[in-house]
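1. Quick one, fold the following:
(one chain, ligands or ions: 1)
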Amino acid sequence: MDAAALQRIFQEQFPEAGQSITVAAPGRVNLIGEHTDYNDGFVLPMAVDAKIMLTASARHDRQVRVYSVDFDAKDTFALDNIQPTQRHRWTNYMRGMCLMIQEATKVPLQGMDIVMQGNVPQGAGLSSSAALEVGTAVVVNELNKLQLDPVLMATLAQKAENEFVGVQCGIMDQFISMLGEEGHALFLDCRTLEYQKVPAPFHEAGAAIAVIDTAVKRGLVDSKYNERRQQCEDAVKALQQWQPDLTSLRDVGCELRPQVDQLPDVLARRARHVVDENQRVIDSVQALRSGDLAAFGQYMNASHDSLRDDYEVSCRELDLLVDLVRANPQAYGSRMTGAGFGGCTVSLIPSTEVADLEERVLPEYQRQTGLQPRLFVFNAAAGARKLC
Ligand code: GLA
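-> Modelled structure (predicted):
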C-alpha cells in the first residue's frame, strides 16, 4: 500500500478530520552485535525496506482514535489517563509512546486521529513494535510541533517498551528504526549513543542481505531474555573481584579477558559471548568499510556459533536454517538475528544465490520442520520520517 491509498482510507475512517500528515517507520535487521546493546556494547543494525505507515491529523480534544488497516480494528484512548489495554494490545506501543513524550516534555499533547498499515512481519523479530513506537513518536512530534531530537525520541521509545509495555529490551531496535540511513548500516555505541554510518552497498557489490523467518513464534523470549540480562549482571559482579570498578561487560579488556574463563561455567559462557561479540562488531565494521564481504561473513558465522553454544539463545530451527544456507559454499555467512528462540536468520550471499535459497533451502527447511519459512531480500532503508 502506498501513502495515497492510506490517506484515502484515513478520509473514509475520519471524514471530519482536518489536514493530515503521513509518516513511515521501518523495521530492522541486525547484521551483527547480538545481545550486546543492554551490556553497553556495540551493534550494527540496518533499517529495512519494510515499514509501518501512519496517516494522522490533530484533534481539538484529548482523545486519540486509531484504526489499524491490518487488524481492521479501531481503538480509542484519552491522553489525560493513559493506561495499557488488554483488548487492542497493538495500541499499547502508541499509548506508551504518547505517555513518555508527554511526561518528558510536560506538553499536554493534542488528540489525534490515526490510520496505520504496515508490512513489517509481526512477531518475527524484525522490530515491528519499535517501528510502531518511533512512527508514533514522529507523528506526535510533527502534529504538536515539538521539534524533539531523534535520539531523544528513540530513548523515549525504548522507555515506552520497558516501562509501559513491560519488555526489557535494549536501545538497538528503536534507535535504528528512528535513525537508519538509506544505503547504510549504523555502527552504534549503546553506551554513549554515538553512531557512525557504515556504507552497506551489498546490492552494488553483487550481494544480498537475505532474511528468512523460521516461522517459530518466540514463545519463551521474554523470560529467557530477562534471564540472560540477569546473567550478564551476575558476571559483572563476579568479575568485580578482579576489577572492582567494572560496571558492564563492555569494559572487559584484554587484561581481564583471562578471568572470564575462570567464572562459573554458565556465567563464563555468557560473558565470553558478549566480550567477543563486541570485538566482532568492531572487526565487521572494518571489513565492511574495506569491502571485504568474505571476512564480514566469517564474523557473522562466528557470531551465530557463539549465540548457539555460549549464549544459548538459538533453537533447532534457527540452527537448521543457518546450516542449510552455509551448505552453499558461495554463501558468505549466516546467523540468527534479534533476540533468538525463533524469529529470523540473516545471511549475506551473492545475489545469484537467492535462487538457491528459494529452490533448495526453503523447501528443505519446510520438509524437515513442517514449518512454512518466508524469505525477504532487504536493502538498507531510511529511518522514520514524515513522507508528506
Ligand atoms: C531484541 C531487543 C534488542 C536486543 C536484541 C538482541 O531485539 O529488543 O534490544 O537486545 O534483542 O541483540
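
2. I'd like to know how many residues surround Arg374.
-> Using other Cβ atoms under 10 Å as the criterion, Arg374 is surrounded by 13 other residues. No exception for glycine: its C-beta is placed from N, CA and C like everyone else's.

3. next one: the one 4 residues further on
-> Residues near Phe378, counting by other Cβ under 10 Å, number 21.

4. my read: it touches Ala47, true?
-> No: between Phe378 and Ala47 there is no contact, the gap being 9.1 Å when judged by Cβ atoms under 8 Å.

5. Quick one: the strands in the chain, in order.
-> Secondary structure of the chain (DSSP state E): strands at 21-32, 42-58, 63-68, 73-78, 112-118, 184-189, 195-199, 207-213, 333-337, 344-350, 374-378, 385-386.

6. The shortest one pairs with which strands, parallel or anti?
-> For strand 385-386, the paired strands and their directions (DSSP bridges) are strand 21-32 (antiparallel).

7. Buried residues in the least confident helix or strand in the chain by mean pLDDT, which are they?
-> When each helix and strand of the chain is scored by mean pLDDT, DSSP states H and E, helix 221-239 comes last, with a mean of 94. With burial defined by 16 or more other Cβ atoms under 10 Å, the residues of helix 221-239 counted as buried are Val221, Lys224, Tyr225, Arg228, Arg229, Gln231, Cys232, Asp234, Ala235, Val236, Ala238, Leu239.

8. again, but for stretch 98-116
-> Of the residues in stretch 98-116, those with enough neighbours to count as buried (16+ other Cβ under 10 Å) are 98-102, 105, 109-116.

9. Tell me how far it lies from the chain's centre.
-> For stretch 98-116, the gap between its own C-alpha mean and the chain's C-alpha mean amounts to 23 Å (Cα atoms, centre = their mean, to the nearest Å).

10. again with stretch 227-246
-> Distance of stretch 227-246 from the chain centroid (Cα atoms, centre = their mean) equals 26 Å.

11. what's the answer for stretch 365-385, then?
-> 14 Å.

12. residue in the stretch 1-150 of the chain nearest to the ligand?
-> When scored by Cβ to the nearest ligand atom, the stretch 1-150 of the chain has Glu34 as its residue closest to the ligand, at 4.0 Å.

13. wait, doesn't that residue sit right on Asn278?
-> No: here Glu34 does not reach Asn278: they are 10.7 Å apart, not a contact under Cβ under 8 Å.

14. Give me the domain ranges for this structure.
-> The chain resolves into domains spanning 3-200+382-386, 207-378 when parsed by automatic domain parsing.

15. which of those sits most buried?
-> domain 3-200+382-386 (a mean of 20; mean count of other Cβ atoms under 10 Å).

16. can you give me the helices for the stretch 51-200 of the chain?
-> In order along the chain, the stretch 51-200 of the chain carries the following helices (DSSP state H, counting those that start in this stretch): 92-105, 128-143, 150-159, 172-179.

17. Out of those, which gets nearest to Ala185?
-> Counting by Cβ to Cβ, Ala185 lies closest to helix 172-179 out of these; the figure is 8.5 Å.

18. Show me what the closest one is in contact with.
-> By Cβ atoms under 8 Å, 6 or more residues apart in numbering, the residues outside helix 172-179 that reach it are 25-28, 30, 33, 37, 43, 45-47, 127, 129-131, 133-134, 137, 150-151, 153-155, 157-158, 161, 186, 188, 190, 193, 195, 383-384.

19. Now the residue of the stretch 1-150 of the chain closest to the ligand. Nearest residue, chain neighbours left out?
-> Leaving aside its sequence neighbours, Glu34 sits nearest to Leu307 (Cβ to Cβ, 6 or more residues apart in numbering; 5.8 Å).

20. List of residues touching stretch 295-309?
-> Defining contact as Cβ under 8 Å, 6+ apart, one finds that stretch 295-309 is touched by 31-35, 269, 272-273, 276-277, 280, 283-284, 287-288, 313-314, 318-319, 322, 326, 331-336, 340, 346-348.

21. how about the residues of the stretch 1-150 of the chain near the ligand?
-> Residues of the stretch 1-150 of the chain lying close to the ligand by Cβ under 6 Å from any ligand atom are Glu34, His35, Asp37, Tyr38.

22. what two of these have the greatest distance between them?
-> That would be Glu34 and Tyr38, which, of these, are the farthest apart (Cβ to Cβ) at 11.0 Å.

23. Distance of Leu318 relative to Ser334?
-> 10 Å (Cβ to Cβ, to the nearest Å).

24. shared neighbours of the two, anything?
-> Residues touching both Leu318 and Ser334 comprise Thr345, with contact defined as Cβ under 8 Å, 6+ apart.
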